[in-house]
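Undergrad: Just need the structure, nothing else, for what follows:
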Amino acid sequence: MAQPRGGRFVRWQAITITQLGYAVNLILGLATASLGFALSLVKDKDFAPGCSGKHLLLLGLVSLVVSISLGVWCVINRLHDFSKTAQNAKDGEALETLQSTNQEREEISARLEHRRRETERLGENTWTLLYWQIGAFCLGAFLLVDRFS
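TA: Below is the predicted model of the structure:
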């Protein structure tokens, strides 16, 4: 059975969106668990790292907090992106059925194009935030693991 035009793209785009959500949530969960583990060590009376160890541990904790913050920011950014994209789709469908003058259609199209550029920017921000989130998590995890090896 032949797929409708753009069917594969739409399917793979949906898979990409789903996997992106999984990746953000995975790193967010790992960073939160790592932060909890590190804080439980700090509370332990038998845990006494040296001076440089304390500084590296603090840097690792800060890095994990940054990773968590970036993850939350990424989720909120994605929600804004989805909301605006849905509104653009709704308005685009309304424009297709609208019986109006060419000037009115051009004005509406111009507004939609501006909003489409905004959603593209939000999508790019999502990927940038994800990469920074992963980097901050890796740095924090490395600094914690380095303290115990």
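
Undergrad: From Tyr131, how far off is the residue nearest in space to the middle of the chain?
TA: Central residue of the chain (Cα atoms, centre = their mean): Cys74, 3.1 Å from the mean position. Here the criterion is Cβ to Cβ, to the nearest Å. By it, Cys74 lies 10 Å from Tyr131. Yep, even glycine has a C-beta here, placed from its N, CA and C like the rest.

Undergrad: Same question for Arg111.
TA: Distance of Arg111 to Tyr131, computed by Cβ to Cβ: 31 Å.

Undergrad: Averaged pLDDT, the helix or strand containing Ile27. What do you get?
TA: Per DSSP states H and E: Ile27 is located in helix 7-43. Mean pLDDT, computed over helix 7-43, is 91.

Undergrad: Stretch 68-82 too?
TA: So the average pLDDT for stretch 68-82 ends up being 95.

Undergrad: Count the neighbours of Val75 for me.
TA: 15 (other Cβ atoms under 10 Å).

Undergrad: That one contacts Ala23, correct?
TA: No - contact criterion Cβ atoms under 8 Å: Val75 and Ala23 do not qualify, at 11.6 Å.
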